[in-house]
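**Q** Sequence first, then the predicted structure, then my questions.
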Amino acid sequence: MNKRIFYMFLRYLFVVLLGIGPFYLLYLFFSPITIYSSYFLLNLFFDAHLDNDIISFGGSSIKLIGACIGGAGYYLLLFLNFSIPNVKPFKRIKMVFFSLFLFFVFNILRIVFLSYLLYIGSSFFYKAHLFFWYFLSTFFVVTIWMFELKFFKIKTIPVYDDIKFLIEKLR
């Protein structure tokens, strides 16, 4: 078997198995660090208290549910990173950590910003929350991805170049 086809198979097998099987591993890892990081930052500004996944501060409380953790965003970034052909393993690892870290930072800042809106009793809170939920989260995943392509000088197209390669091999 061609070495490139074998590695292509492994890359896609990883993201498919992660998506259908241990997707909860993303939440298992990112839930605690998201909750504790959000709590830490909120505690810098307010006298915050943490009880499992609920952070209370200044008479307000937020419950960080699965959607707040952003597992789908992390998964999409993993898929995009593993669907790029011809990337050396060490560079791919750097790319994965880079993109996941940027999304993590965005997510924590989003939680803190929305918490502040809740704290001040802003009527904008609900609309901002929905705006982040439906638009900005996707926008940030795409922006992180585009920045990553430029930063790591990636010239290949995810999925498409793999399919193109397979079609050429079949001819």
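**A** Here it is on my side, so go on.
**Q** Strands along this structure, start to end?
**A** Applying DSSP state E to the chain gives strands spanning 49-51, 54-57, 60-63.
**Q** Please identify the deepest-packed of those strands.
**A** Highest mean neighbour count among the strands of the chain (mean count of other Cβ atoms under 10 Å): strand 54-57, with a mean of 18. C-beta coordinates here come from the backbone N, C-alpha and C atoms, glycine included.
**Q** Check this structure for its longest helix and report it.
**A** helix 89-119 (DSSP state H).
**Q** Show me which parts of that helix are buried, residue by residue.
**A** Across helix 89-119, burial judged by 16 or more other Cβ atoms under 10 Å covers 95-96, 98-100, 102-104, 106-108, 110-112, 114-119.
**Q** Find out how far it is from the centre of the chain, if you would.
**A** Its chain's average C-alpha position is 7 Å from that of helix 89-119, according to Cα atoms, centre = their mean, to the nearest Å.
**Q** and residue 46, what are its phi and psi?
**A** Main-chain dihedrals, residue 46, degrees, to the nearest 10: phi -130, psi 170.
**Q** confidence score at the closest residue to it other than its chain neighbours?
**A** Distance criterion Cβ to Cβ, 6 or more residues apart in numbering; nearest residue to residue 46, sequence neighbours excluded, is residue 57 at 3.8 Å. Looking at residue 57, its pLDDT reads 91.
**Q** who's in contact with residue 57?
**A** Residue 57 sits next to 42, 43, 45, 46, 47, 48, 49, 115, 119 when contact means Cβ atoms under 8 Å, 6 or more residues apart in numbering.
**Q** returning to what we had before: tell me what the longest helix of the chain is packed against?
**A** With contacts taken as 3 or more Cβ pairs under 8 Å, 6 or more residues apart in numbering; DSSP states H and E, helix 89-119 sits against helix 24-45, strand 54-57, strand 60-63, helix 66-69, helix 71-82, helix 125-131, helix 137-151.
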